[in-house]
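Trainee: Here you go, sequence then predicted model.
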Amino acid sequence: MKKELKQKRNRYEMHKYWGKKPSSNLRGLIEKFSKEGDTVLDPFSGYGVFACEAFILNRNVISNDLNPIANYINKQLLEKEIDLNKIQLEWLKIKEEFTPFVKKWYHWEYDGEDVQLITILRDNNDNPIKGKIKRPKDKKAIEINFDKTKVQAYLDFEKYQEIKDWFPQNKLIENSRISAKKNMTVADLFTKRTLACHAKLLNLINEISTGKEKDLLKVAFTANLANCSKLVPPIKSRGEMAPGAWMTGFYVGETYLENNVLQYFENRFKKIISGKKDYLSHFGDEQSLELFNNNNSYTVLQNDAKNLKLKNDSVDYVFTDPPYGEAVPYFEQSIIWNSWLQLTPNYKEEIVITDSKERNKDIIAFEKDINLAFQEIRRVLKPEGYFSLTYHSLSGLEWKAITNACINNGFELIDYEWLVQKSFTPRQINRSKSIKGDVLVTLQKAPSIQAKIKTDQELEALFIRKIDNWLSSKPLDTNDIFLKIMRMIFEEKILIGKINILNILTNQFKFTEEQKWTSKYVPEVNPT
């Protein structure tokens, strides 16, 4: 269908959970490596893009993620028996009760007129600096400056209000890398205004909505939390109040944007309705419950990927986007969502590298856990079944762990390509020499396991020799070199030791202004 040609699909815009892979790429994989009626698995499903595409394509889907919020989102994404008329009527009732409460908190007087503040610029001491309003006669929102008297009134109102509805006070796991400070709580991520409004909104959702519609409203609620927290920075190059977006971590800058909870939640509500209409359109009339069904099914599990609790040789095809090691400590950052829904993650079994001293999750633990997870994938995958995975790190840490786990567990390379993701991790954005996007690798379960072990010195010498040979023909970017090395590693079944490919490139070769690598030693030209 024509709508399937677009890259950005509404069903994948209902929540801002990280790491969504392009559905068109995943659709191609599903069609290439499985057939209708097959059982497919994603052991680290996240938002659930793969599971959703596979279910639409009439595969039997097993979607698994240990993170409770990912599991929660995934269930709401795949749910077909949802009444969109009911949820919209419920929202109207919620909005009717919520609006007066919000108006009280965001009231402002401008030119003798009572208005609602849409956005307030505040400094890191929570002092309001200026705001945005939109009156009926205005085509666009206008910025207004705050005088000292009104600033004090704004702060006094906030100070003397009591929050009567429940809100989470969970402590963040201390981790300087993601700006999670000692004794910092989830509540500290919000102003008193946004905390009170979110608490009231959640209370109204629980009181007024019921069933699966309530669960979907809570997806919208959690998706709205970061939008209306202290974690929204202004993009100063575009203007003092130009909104940025929360990516990762809990850093609060010199200034932040406090957004009106009702205004922003309405946008999130529209996205869940559009998302469900998009999804349901693949099964019949999205406006009714009269949906036609394929013979396939889906199962959403919240198991440890190291112990999936599935039968041996029961899965036809596996796709996964395994944890990025130290790039994103998912469970620690998901506390902003899990805490509000009173969901408790199993931190002990998370596969991750984290700087948090209290968790003991280093590269050694990560390598061991990833190997166990891939061992489990081999166990449940049928003989000669296919396994696709994505990864991007060149650090010699996650890349080593994941590559060794593939080779250790008897997976042979079949194909690879670049998978352009919707957004890059901060590490990829900030490092010009790192690879951009993810590598998509497809492997096959081999009958036996055979691996070669080389010393670090032997492997480093091999890499330098091979790279120098490749660069003698033409300059290459980091992506090209990474793919060539990866093919060699998989084809020769070499286990990697303490090798950092990026360090080898930096120390042994030159990086040009064109962002290409060349040989450091250019032959001299004899004078004529």
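Mentor: Perfect, thanks for sending it. Residues are numbered from 1 along each chain as shown.
Trainee: Buried ones in the longest helix anywhere in the chain, by neighbour count?
Mentor: The helix spanning the most residues in the chain, taking DSSP state H as the definition, is helix 84-105. Buried residues in helix 84-105, defined by neighbour count with 16 or more other Cβ atoms under 10 Å: 84, 87, 90-91, 94-95, 98, 101-102, 105. Backbone N, C-alpha and C define where each C-beta goes, glycine included.
Trainee: Ok, stretch 138-154 next?
Mentor: 146, 150, 154.
Trainee: List of residues touching it?
Mentor: 108, 110, 118-119, 127-135, 240-241 (Cβ atoms under 8 Å, 6 or more residues apart in numbering).
Trainee: Just the buried residues from the residues you listed, in ChimeraX please.
Mentor: Buried members of the contacts of stretch 138-154, defined by 16+ other Cβ under 10 Å, are picked up in ChimeraX with:
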select :108,118,119,128,130,131,132,133,134,241
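Trainee: quick one: which of the contacts of stretch 138-154 is nearest to residue 385?
Mentor: Using Cβ to Cβ, the shortest approach to residue 385 within those belongs to residue 119, at 51.2 Å.
Trainee: who's the nearest residue to that closest one once chain neighbours are set aside bridged to?
Mentor: Leaving aside its chain neighbours, residue 119 sits nearest to residue 132 (4.3 Å; criterion: Cβ to Cβ, 6 or more residues apart in numbering). Residue 132 forms beta bridges with residue 119, residue 143, as assigned by DSSP bridges.
Trainee: so how far is residue 454 from residue 497?
Mentor: 7 Å (Cβ to Cβ, to the nearest Å).
Trainee: Ok, residue 309 next?
Mentor: For residue 309 relative to residue 454 (Cβ to Cβ), the value is 37 Å.
Trainee: now residue 127
Mentor: 60 Å.
Trainee: what does residue 266 give?
Mentor: 59 Å.
Trainee: One more: residue 346?
Mentor: Distance from residue 346 to residue 454, by Cβ to Cβ: 37 Å.
Trainee: ok, and the closest non-adjacent residue to residue 102?
Mentor: That would be residue 262: by Cβ to Cβ, 6+ apart, it lies 4.3 Å from residue 102.
Trainee: Count the neighbours of the one you found for me.
Mentor: 21 (other Cβ atoms under 10 Å).
Trainee: Would you check that it makes contact with residue 97?
Mentor: No. Residue 262 lies out of contact with residue 97 (Cβ atoms under 8 Å); the separation is 11.3 Å.
Trainee: shouldn't the residue nearest to residue 119 be in contact with residue 118?
Mentor: Yes. Counting by Cβ under 8 Å, residue 132 touches residue 118, with 4.7 Å between them.
Trainee: any chance you could map the helices in the stretch 201-350 of the chain?
Mentor: Under the criterion DSSP state H, counting those that start in this stretch, the stretch 201-350 of the chain contains helices at 211-225, 261-280, 330-333, 335-338.
Trainee: what mean pLDDT does the longest one have?
Mentor: Think helix 261-280. For helix 261-280, mean pLDDT rounds to 97.
Trainee: Flag every buried residue along that helix.
Mentor: Applying 16+ other Cβ under 10 Å to helix 261-280 flags 261-265, 268-269, 271-273, 275-276, 278-280 as buried.
Trainee: Next: the first one.
Mentor: Neighbour-count burial for helix 211-225, with 16+ other Cβ under 10 Å as criterion, is recorded at 212-213, 215-225.
Trainee: and the angle for it with helix 261-280?
Mentor: Relative orientation of helix 211-225 and helix 261-280, computed by axes from the mean of the first three to the mean of the last three Cα atoms, to 10 degrees: 130 degrees.
Trainee: Check the secondary structure at residue 389 for me.
Mentor: strand (DSSP: H, G, I helix; E, B strand; the rest coil).
Trainee: Tell me the confidence at it?
Mentor: 93.
Trainee: residue ranges with poor pLDDT in the stretch 201-350 of the chain?
Mentor: Applying pLDDT under 70 to the stretch 201-350 of the chain flags the ranges 285-293, 325.
Trainee: rerun at 90
Mentor: 236-237, 239-240, 243, 245-248, 284-295, 323-328 (pLDDT under 90).
Trainee: In it, mark out all the strands, start to finish.
Mentor: 255-259, 298-301, 315-320 (DSSP state E, counting those that start in this stretch).
Trainee: Could you dump these into JSON lines and include distance to residue 14?
Mentor: Converted to JSON lines, the strands of the stretch 201-350 of the chain look like this (distance: least, Cβ to Cβ, whole Å):
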{"stretch": "strand 255-259", "distance to residue 14": "19"}
{"stretch": "strand 298-301", "distance to residue 14": "16"}
{"stretch": "strand 315-320", "distance to residue 14": "21"}
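Trainee: Let me know which of these is tucked in deepest.
Mentor: strand 315-320 (a mean of 24; mean count of other Cβ atoms under 10 Å).
Trainee: Which neighbouring elements make contact with that one?
Mentor: Counting contacts by 3 or more Cβ pairs under 8 Å, 6 or more residues apart in numbering; DSSP states H and E, strand 315-320 packs against helix 23-33, strand 39-42, helix 363-380, strand 381-391.
Trainee: Run the chain-centre distance for that strand.
Mentor: 21 Å (Cα atoms, centre = their mean, to the nearest Å).
Trainee: quick one on the thing from earlier: how near is the residue nearest to residue 102 to residue 334?
Mentor: In terms of Cβ to Cβ, residue 262 sits 25 Å off from residue 334.
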